[in-house]
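A.B. asks: need coordinates for the following:
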Amino acid sequence: LFCLSFSFNAAQEKASASVRVGFRHASAAFDRMQEKKPFFAEGGVLALNAEVAMLGGKTEAPRLNTTVDGTEIYTGRGYVGELPEAVAEFLESGRILLVTDADAGETAEEISKALKGFGFRVTERSARDGGDADECCRLVLGAGAAEAAEAAKAAAKKLDAECVLFPTVPCEDGLLKGGGVRAVFFDGEVLDRCPKECEAAGAGLLYALPVRRFEDCYARKITARVVPERKQTETVCGDRTELAVRVLESGAEYGDGYACDRMAELLAGIAEKKGKTPRRRGEYVFLSACALAVFYTSFLSSPAIDTLVPADHDAALDEIARLTGRERVNLMQAFDFFDTDVYFRINYILGEYRMDLLAELSVQDMRAAERRWRRIYDDAGYWLKSAVTARDVLDAMSLAGELSGGLIGYAAATGFLSVMTAGTEREEGRKSA
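C.D. replies: This is a model prediction of the structure:
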């Protein structure tokens with residue numbers, strides 16, 4: 001016994017500093033747990049995981065990266081097995097409702113296995129089922145993409161439970177929309193598994209920001225709206241984890257009320273009506289932003305935009321309802337019909353600031369962004385030839401003008417968009433003949 005005691009003491013003296021720190025964190029975490037204090041407040045079990053990760057070199061435990069609208073964003077790598085220790089902070093008793101969608105893939109099974117192995121009782125639901133569960137679920141974990149996130153937030157609200165998200169793609173900018181999310185966990189290893197199109201969709205959302213900032217500039221100068229001047233965001237990301245965080249931050253900052261967002265929704269509807277599988281939202285947003293940048297330049301350069309016949313709003317309303325599935329009566333609220341006074345007032349102010357707006361557009365290098373974006377794909381964007389046509393883009397732009405304010409809304413009111421798409425119809429008819 002004396003020899004064993006001596007050997008043990010000697011081994012303790014030779015232990016590495018990192019391991020000692022790890023045990024101290026574990027002890028402190030246990031004390032905090034007894035006091036019902038959050039693990040994340042001072043590191044807790046996660047700090048111990050980080051120490052073990054450094055020793056083994058296999059995983060990087062989740063650590064606080066930033067906070068967005070009060071939601072804590074955690075990043076790490078290869079920590080699915082340790083995820084239960086992180087979510088334990090939010091659950092004092094009851095079951096966990098795990099809501100997944102198609103984008104969760106094999107990660108859904110890994111998370112479920114880890115949670116059950118940790119001792120949690122887990123109810124599993126598909127996002128398409130709405131995430132319904134009984135009242136004893138006190139925490140909702142949404143794993144996957146936007147569909148799982150929306151279902152998880154809805155279920156958490158219904159159950160009056162905590163909601164945490166585990167996105168498996170780096171291209172969702174609306175995860176925090178509507179609030180109710182306590183924390184978001186990004187795992188770099190999981191994000192690296194998703195297809196290239198997911199990375200391109202995320203990059204597309206960032207590359208579209210200059211067009212959003214231009215629309216903000218128009219709102220400030222022409223309609224005197226109070227819109228903050230947002231600083232330019234760096235669009236080059238080191239890895240998919242950084243991309244996912246920046247996409248989430250930009251979504252919280254800008255929202256989804258821009259013309260490119262309306263166009264993206266309509267392009268998805270057009271694809272469905274043609275029997276095609278819609279692409280990722282971020283892909284459509286970037287395509288729309290590129291088209292809008294070209295259109296805005298053309299429109300502002302035209303000296304006779306106020307002499308056109310007004311657009312047929314009623315026909316546009318029917319088409320939007322058909323493509324989006326929304327009720328026609330609800331869409332009426334989105335239409336911004338210009339009365340005579342507003343029309344001529346904006347036309348006058350636009351003439352004053354036309355060159356300023358053109359100068360704002362001239363500094364946006366969307367062509368370079370297009371090249372960088374296409375090269376994310378293995379086929380350098382060749383899929384575009386079969387997935388989207390010029391006609392699709394023009395139709396979506398014309399209809400988006402009816403749903404959006406800003407310059408695209410004014411262009412729709414002037415009839416410019418109707419004339420442009422009518423010209424395309426005549427050209428297609430001539431080719432067919």
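A.B. asks: quick one, strands of the chain?
C.D. replies: Assigned by DSSP state E, the strands in the chain fall at 60-68, 71-77, 95-100, 122-126, 137-144, 162-167, 183-187.
A.B. asks: out of the ones you listed, which comes closest to Lys153?
C.D. replies: Closest to Lys153 of the strands of the chain, according to CB to CB: strand 162-167, at 5.6 Å. Where C-beta positions appear, they are placed from N, C-alpha and C, glycine not excepted.
A.B. asks: neighbouring strands of that closest one in the sheet, and parallel or not?
C.D. replies: Strand pairing for strand 162-167, determined by DSSP bridges: strand 137-144 (parallel), strand 183-187 (parallel).
A.B. asks: could you measure Trp373 against Leu287, distance?
C.D. replies: Noted for Trp373: a distance of 9 Å to Leu287, by CB to CB, to the nearest Å.
A.B. asks: one more: Thr421?
C.D. replies: With CB to CB as the criterion, Thr421 and Leu287 are 17 Å apart.
A.B. asks: and those two? Which one has more around it.
C.D. replies: Leu287 (25 against 16; other CB atoms under 10 Å).
A.B. asks: just the helices from the stretch 151-300 of the chain, written as ranges.
C.D. replies: Along the stretch 151-300 of the chain, counting by DSSP state H, counting those that start in this stretch, helices occupy 188-191, 196-207, 209-222, 240-254, 259-273, 281-301.
A.B. asks: low-confidence ranges in the stretch 51-200 of the chain?
C.D. replies: Applying pLDDT under 70 to the stretch 51-200 of the chain picks out residues 51-58, 130-135.
A.B. asks: no no, the stretch 301-433 of the chain
C.D. replies: Residue ranges of the stretch 301-433 of the chain with pLDDT under 70: 303-317, 326-343, 423-433.
A.B. asks: try 90
C.D. replies: For the stretch 301-433 of the chain, applying pLDDT under 90 flags the ranges 301-352, 363-365, 385-386, 398, 401-406, 409-433.
A.B. asks: overlap in contacts, Trp373 and Leu287.
C.D. replies: Gly204 (CB atoms under 8 Å, 6 or more residues apart in numbering).
A.B. asks: pick out the residue nearest the middle of this protein.
C.D. replies: Closest residue to the average C-alpha location of the chain: Asp173 at 1.6 Å, with CA atoms, centre = their mean.
A.B. asks: go ahead and confirm that residue touches Val247.
C.D. replies: Yes - the criterion here is CB atoms under 8 Å, and Asp173 meets it with Val247 at 4.9 Å.
A.B. asks: which residues are common contacts for these two?
C.D. replies: Common neighbours of Asp173 and Val247 (CB under 8 Å, 6+ apart) are Leu205, Gly282.
A.B. asks: quick one, longest helix in this structure?
C.D. replies: Scanning the chain for the longest helix, with DSSP state H as the assignment, gives helix 340-362.
A.B. asks: which ones are touching the closest residue in space to Met366 that isn't next to it in sequence?
C.D. replies: Leaving aside its sequence neighbours, Met366 sits nearest to Ala293 (CB to CB, 6 or more residues apart in numbering; 4.8 Å). Applying CB under 8 Å, 6+ apart to Ala293 gives the contacts Pro210, Val211, Phe214, Leu361, Gln364, Met366.
A.B. asks: helices along the stretch 301-433 of the chain, start to end?
C.D. replies: Under the criterion DSSP H, counting those that start in this stretch, helices of the stretch 301-433 of the chain are mapped to 313-324, 328-331, 340-362, 366-374, 384-387, 390-403, 406-414, 416-432.
A.B. asks: now do the third one: everything it contacts.
C.D. replies: The set of residues that contact helix 340-362 without belonging to it, under CB under 8 Å, 6+ apart, is 214, 217-218, 221-223, 293, 296-297, 300-301, 306, 338, 407, 410, 413.
A.B. asks: which of those residues lies closest to Val164?
C.D. replies: Closest to Val164, out of all of the contacts of helix 340-362 and judged by CB to CB, is Phe214, at 35.7 Å.
A.B. asks: around the residue lying closest to that closest one once chain neighbours are set aside, how many other residues sit close by?
C.D. replies: Nearest residue to Phe214, sequence neighbours excluded (CB to CB, 6+ apart): Glu360, at 5.6 Å. Using other CB under 10 Å, the number of residues around Glu360 comes to 18.
A.B. asks: ok, back up a step: out of the strands of the chain, which comes closest to Lys276?
C.D. replies: Minimum separation from Lys276 across the strands of the chain (CB to CB) falls at strand 137-144, 22.2 Å.
A.B. asks: quick one, that closest one and strand 122-126 angle?
C.D. replies: Angle of strand 137-144 versus strand 122-126, following axes from the mean of the first three to the mean of the last three CA atoms, to 10 degrees, is 40 degrees.
A.B. asks: can you give the distance from strand 137-144 to the centre of its chain?
C.D. replies: Distance of strand 137-144 from its chain centroid, counting by CA atoms, centre = their mean, to the nearest Å, is 19 Å.
A.B. asks: try stretch 111-129
C.D. replies: Here stretch 111-129 is found 24 Å from its chain centre; the criterion is CA atoms, centre = their mean.
A.B. asks: buried ones in that stretch?
C.D. replies: For stretch 111-129, a neighbour-count test (16 or more other CB atoms under 10 Å) marks Ile111, Ser112, Ala114, Leu115, Phe118, Phe120, Val122, Thr123, Glu124, Arg125, Ser126, Ala127 as buried.
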